[in-house]
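[1] here is a sequence together with a model predicted from it:
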Amino acid sequence: MSTAPVARDIVEIFERHGEWREQEARRLLDHQGQSSPSSESKRAALSRTAWKKGAEMVQYWGFSYGTILGATLSAMFPDRINRVVLDGVADSFDYMAGGWATNLKDTDLTFVKFAEYCFEGGRENCAVWHEDGPAVILGNMQKTITEFQKSPISVPAERCSSPTAVTYNDLKLFIRDIVYWPTRNFPRTAQMLYDLSQGNGSSLAAYKRTMRPSLSNPLSERCLQDGPYSPSCFPSAAGTSVGSGIACSDAPGDRLNQTKEEYRVYADKIIAQSFLIGESWASIPLPCTAWHARPHWRYEGDFVSKTASPILFAGNTIDPVTPLANAFTMANGFKGAGVLHQDSEGHYTYSGVSLCSMKAIR
């Protein structure tokens, strides 16, 4: 459960596809009967579709963690790279070291843009709009978040929803969710922050309920069999568990000996990077303090190589978890690589809308 064997699997997939391609071309040509192409056309088709055994070239487009997989693939098998695009680029050096410490450089700038767009949109389009401009809007949002930390809000029952309480932690989880697609989520965020500033937690409660299994649904047979708190009782958490296993296996394993005091120092550094999501981000490496399994094959290279074709790295001006600087850091190790800079906010280029970027990537 680590990145290196998956990179090897990708190469194998292309090999098997090349083998199938040649067989399928021969099968189709042999079954065309009277409409069979000329010998010259047939030879051209067979040449074009021939399996290049041991030399099939890879096409790969990766996002976020997929850029780590893509960088690993490109470093391990540079002679197999035909076209590779790595979009929303993670710092593979930091990731492989188990750091998670170079992701939040630009995160809080997302809310700076939020305030600018809110002011430009006007009162009718932004619930937290203020006539004194973006700086005041930003300050008010930060004040709402800070005050909510001290004062959770209870929410009464409504229709089929039971009563609940919304907390600072719920808001932080919401913010970590929405900063990935900020432009799409800005109106919803503005309304939620306005509601909280008025002591109304209903909109945050509605979000919270969507993130929890419905209490009205019966427990699954597997959950009843395995018992409370077993993974089968929390099916939505399965992806998180897999992601932790991969990340902890890729890392050197040194967090197994980390003390609470050492983790506190680490967490404080991450929290200082981002007011918005620093706390939740600092928790990502925590499972590695109890992950004892070690991979048989772990990439320990330097992400330096000359690929058969140059790699295209891509990123946004403001990316909440993979800052644009990472694209340049990673491009430095791959000869001839280029960086596509999209002037937008969000996680990788798809979070914005740019025909220019799509043309370049195509």
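    Structure received.

[2] wasn't N103 part of a helix?
    No. With DSSP: H, G, I helix; E, B strand; the rest coil as the criterion, N103 is assigned coil and is not in a helix.

[3] and the residue nearest to it when sequence neighbours are not counted, what element?
    Excluding its sequence neighbours, the residue lying closest to N103 (CB to CB, 6 or more residues apart in numbering) is V321, at 4.8 Å. Glycine gets a C-beta too; all of them are placed from N, C-alpha and C. According to DSSP states H and E, V321 maps onto no helix or strand at all.

[4] now Y60
    strand 58-64.

[5] what's that strand packed up against?
    helix 3-30, helix 65-76, strand 81-89 (3 or more CB pairs under 8 Å, 6 or more residues apart in numbering; DSSP states H and E).

[6] tabulate the ones you listed in JSON lines, adding columns for distance to K359.
    Formatted as JSON lines, the helices and strands packed on strand 58-64 follow (distance: least, CB to CB, whole Å):
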{"stretch": "helix 3-30", "distance to K359": "26"}
{"stretch": "helix 65-76", "distance to K359": "21"}
{"stretch": "strand 81-89", "distance to K359": "13"}
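
[7] need these in TSV with mean pLDDT and mean neighbour count, can you?
    Shown next, in TSV, are the helices and strands packed on strand 58-64 (pLDDT from 0 to 100; neighbours: other CB atoms under 10 Å):
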stretch	mean pLDDT	mean neighbour count
helix 3-30	96	15
helix 65-76	98	24
strand 81-89	97	24
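
[8] can you list the weak-confidence ranges in this structure?
    33-36, 212-217, 234-240 (pLDDT under 70).

[9] now the strands: where do they sit in it?
    Remark: strands assigned in the chain by DSSP state E are 58-64, 81-89, 153-155, 164-166, 312-318, 338-345.

[10] dump these into TSV; add distance to S354 as well.
    Below are the strands of the chain laid out as TSV (distance: least, CB to CB, whole Å):
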stretch	distance to S354
strand 58-64	15
strand 81-89	12
strand 153-155	39
strand 164-166	36
strand 312-318	9
strand 338-345	5
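
[11] wait, which of those strands is closest to N200?
    strand 153-155 (7.3 Å; CB to CB).

[12] in its sheet, what does the closest one sit against?
    Strand 153-155 pairs in its sheet with strand 164-166 (antiparallel), by DSSP bridges.

[13] quick one: buried residues of the partner strand?
    164, 166 (16 or more other CB atoms under 10 Å).

[14] contacts for that strand?
    152-155, 201, 204-205, 208-209 (CB atoms under 8 Å, 6 or more residues apart in numbering).

[15] next one: that strand to chain centre, how far?
    The chain centroid and the centroid of strand 164-166 are separated by 29 Å under CA atoms, centre = their mean, to the nearest Å.

[16] ok, now stretch 194-203?
    29 Å.

[17] what does stretch 167-183 give?
    14 Å.

[18] residues making contact with that stretch?
    107, 110, 113-114, 117, 145, 148-149, 152, 185, 188-189, 192, 196, 204, 207-208, 211, 276-277, 279-281, 320-321, 344-347, 351-352.

[19] point to the residue nearest the middle of the protein.
    S64 (4.3 Å; CA atoms, centre = their mean).

[20] spatially nearest residue to A25 (excluding sequence neighbours)?
    T49 (3.9 Å).

[21] distance of that neighbour relative to A308?
    Taking CB to CB, to the nearest Å as the measure, T49 falls 20 Å from A308.

[22] over to Y348?
    For Y348 relative to A308 (CB to CB), the value is 25 Å.

[23] ok, the two, which is more surrounded?
    Y348 (23 against 17; other CB atoms under 10 Å).

[24] could you give the number of residues near the nearest residue to R184 once chain neighbours are set aside?
    Using CB to CB, 6+ apart and skipping residues adjacent in sequence, the residue nearest R184 is S351, 7.7 Å away. Other residues near S351 come to 21 when the count uses other CB under 10 Å.

[25] I am finished for the moment; much appreciated.
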